[in-house]
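Asks: turn this into a structure:
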Amino acid sequence: MPKYLKIHSSDTVAVALEPLAQGTAIDGLGVVLLDEVPQGHKFAVTPHQPGDRVIKYGSVIGLAKEAIPVGRHIHTHNIGTALGGVQDYAYAGPAANADADAAPARREAPTIQAFVRANGEIGVRNDLWIIPLVGCVNGLAKNAAKRFEKMGLLPEGSRVMVLEHPYGCSQLGGDLDNTRNILRDFAIHPNAGGVLVMGLGCENNTRALFTQGFEHPDPRRLRYLTTQEVSDELEASLEAMTELAAVMREDKREPVGADRLRIGLKCGGSDGFSGITANPLLGALSDWLCGIGGATVLTEVPEMFGAEHLLMERAESREVFEGVVTLINDFKQYFLDHNQPIYENPSPGNKAGGISTLEEKSLGCTQKAGLSPVRDVIRYAERIRKPGLTLLEAPGNDGVAVTALAAAGCHIVLFTTGRGTPLGGVVPTMKIATNTAMAEKKRHWIDFNAGPIAEATATVDSLLPSFIDSILAAANGKEARNEENDVHDLVIFKSGVTL
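Replies: Here you go, the predicted structure:
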């Protein structure tokens, strides 16, 4: 295994692929380390003066805060962000690879086995979801779910999931709209074979408000229950779920093209290997899926700051470019409106793993989107509208971002992690490890290991076929680790006052 990696020829730093002791001679670079450099961290391969740009991935990741000689450990103690506030951006024309005539011919899509819904969408699961309109009924919903599962009426392979959350009351305006719209998105998600929407009766998010302008594409699969209006809410819940299960038992998987898949792209607990191993692997997967006619979605807008220019250059039209600009600047303004620093990211865990600045994190994060043109930009709680790569408005918070991706219509979320996390969403949430040590330590969390890329025993290209196979297996019904562990969190973006 090599000791280091210099990612781009213009980089002024290299990354330690293993812990390196002070005094280690780095063959090939003519560098002798002046400090101990932890695994995943950086060291200088060229000298820097105060204010000099520090380069990684061929892009600026920050400015030197002091003189940094060759061989010095580079981290938060001696570099800082080079980023500013809300910016103006100039449109340079459509991306070269956005031209349909210049794009490669669409590859043939493999076949998967999925559930075809009444509106033509496909589901990769056939579960029964109980969606509380308000957090007050979470306990009732969970009790009803446990009772119903014991009745044995669900088709084989299906489960009851309660999409519990604490909201739906004491909310106003756009904050309440977010809650209602996210729950509406889940009510029509094709991974649900049946949905019971459960309310209390006195909440802000009433059934009347929820249903205003809302239609389910297959009303047979939807039931409502307002618990204050019935004498026995448990029996009423079981009756509704019995009716839904009868519809679900008619559902069978059938062959469809994988070009109908919609995949969310997410990272969390990132480390110094994220932008070297797992995130580029997701980028290759994204390009593959877009190349066969499928859809991928990138979110975590604050983790685009510092790399947004790379996404803007790939906008397929001026309209999409302007959408990206609005996405970025609106989120910066969100921080400013709350009197918070825009560039507080990365987290303590990110820093411990070797990430020093937000632009370094962003340059690694956006690699999950590959090289395909950006075809659309959607706001929080909006659903996917086009095949290809879409950018989605949502914060970097793991639970909120995974929930937003699933609500947008993603069948599966691919989640890279270097530090490890058990979090899972309502849809299968596959964890891709950035390093082998963590993958082996947390086998019960991890679905795929991209660590061999850093060990030089594999490349992105050589791992991609088996990675695709693992995703197609999940689409065909193989449980992701979060499903095996019964972890399916729903976290709604809280943006307003609480009454």
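Asks: roughly how far is stretch 416-436 from the heart of the chain?
Replies: 10 Å (C-alpha atoms, centre = their mean, to the nearest Å).
Asks: quick one: end-to-end length of it, please.
Replies: Start-to-end span of stretch 416-436 (C-alpha to C-alpha, to the nearest Å) is 13 Å.
Asks: same check on stretch 487-499?
Replies: Note: stretch 487-499 ends 30 Å apart using C-alpha to C-alpha.
Asks: swap in stretch 112-128?
Replies: Stretch 112-128 end-to-end distance (C-alpha to C-alpha) = 22 Å.
Asks: tell me which residues in that stretch are buried?
Replies: 112, 114-117, 121-128 (16 or more other C-beta atoms under 10 Å). C-beta here means a position set from N, CA and C on the backbone, and glycine is covered the same way.
Asks: next up, the contacts around the nearest residue to G496 once chain neighbours are set aside.
Replies: Using C-beta to C-beta, 6 or more residues apart in numbering and skipping residues adjacent in sequence, the residue nearest G496 is D175, 2.8 Å away. Counting by C-beta atoms under 8 Å, 6 or more residues apart in numbering, D175 touches K494, S495, G496, V497.
Asks: tell me which element D175 falls in.
Replies: Secondary structure assignment for D175, by DSSP states H and E: helix 173-187.
Asks: now the helix or strand following that helix, how far from the chain's geometric center?
Replies: Per DSSP H and E, the first helix or strand lying C-terminal to helix 173-187 is strand 192-199. Its chain's average C-alpha position is 24 Å from that of strand 192-199, according to C-alpha atoms, centre = their mean.
Asks: so what secondary structure elements neighbour strand 192-199?
Replies: Contacts defined by 3 or more C-beta pairs under 8 Å, 6 or more residues apart in numbering; DSSP states H and E place strand 192-199 against strand 127-132, helix 138-150, helix 173-187, helix 207-211, strand 222-226, helix 233-248.
Asks: got the buried residues for it?
Replies: For strand 192-199, using 16+ other C-beta under 10 Å, the buried residues are A192, G193, G194, V195, L196, V197, M198, G199.
Asks: so what's the residue count around the nearest residue to F321 once chain neighbours are set aside?
Replies: Among residues not flanking F321 along the chain, A315 sits closest, at 3.8 Å (C-beta to C-beta, 6+ apart). A315: 26 surrounding residues under other C-beta atoms under 10 Å.
Asks: got the phi/psi numbers for A315?
Replies: phi -60, psi 130 (degrees, to the nearest 10).
Asks: start the count at 104, not 1, going forward
Replies: Taking 104 as the first residue, the last one we looked at is A418.
Asks: am I right that it is in contact with S475?
Replies: No: taking C-beta atoms under 8 Å as the definition, A418 is not a contact partner of S475, at 11.6 Å.
Asks: ok, back up a step: from the buried residues of stretch 215-231, pick the one nearest M264.
Replies: D230 (5.6 Å; C-beta to C-beta).
Asks: so what sits opposite that closest one in the bridge?
Replies: Beta-bridge partners recorded for D230 (DSSP bridges): A295.
Asks: ok, it to N294 distance?
Replies: The gap separating D230 from N294 is 6 Å, by C-beta to C-beta, to the nearest Å.
Asks: cool, and A343?
Replies: Using C-beta to C-beta, A343 is found at 19 Å from N294.
Asks: what's the answer for E346, then?
Replies: 19 Å.
Asks: neighbour count winner among the two?
Replies: N294 (25 against 15).
Asks: ok, the more buried one - contacts?
Replies: By C-beta under 8 Å, 6+ apart, the neighbours of N294 are G226, V227, R228, N229, D230, H514, V529, V530.
Asks: quick one on the thing from earlier: what pLDDT is listed against the residue nearest to F424?
Replies: A418 is assigned 96 on the pLDDT scale.
Asks: near N579, how many other residues are there?
Replies: Neighbourhood size, N579 [other C-beta under 10 Å]: 14.
Asks: oops, could you answer that again for S420 instead?
Replies: That count, for S420 with other C-beta under 10 Å as the rule, works out to 17.
Asks: and for D138?
Replies: 17.
Asks: okay, and it sits in which element?
Replies: D138 belongs to no helix or strand, assigned by DSSP H and E.
Asks: okay, domains of the protein per the record?
Replies: Domain assignment for the chain by automatic domain parsing gives 107-183, 230-353, 359-587.
Asks: hmm, back to that, now tabulate the contacts of D278 in a markdown table and tack on pLDDT, distance to D321 and secondary structure.
Replies: Formatted as a markdown table, these follow (pLDDT from 0 to 100; distance: C-beta to C-beta, whole Å; DSSP: H, G, I helix; E, B strand; the rest coil):
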| residue | pLDDT | distance to D321 | secondary structure |
| --- | --- | --- | --- |
| K597 | 93 | 31 | coil |
| S598 | 88 | 32 | coil |
| G599 | 88 | 33 | coil |
| V600 | 88 | 37 | coil |
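Asks: closest to Y192 among those residues?
Replies: S598 (24.8 Å).
Asks: wait, what's in contact with P235?
Replies: By C-beta under 8 Å, 6+ apart, the contact set of P235 is N241, A244, V265, L266, E267, H268, G271, M301, G302.
Asks: and E406, by the same measure?
Replies: C370, N448, L461, K464, S465, C468, T469, G499.
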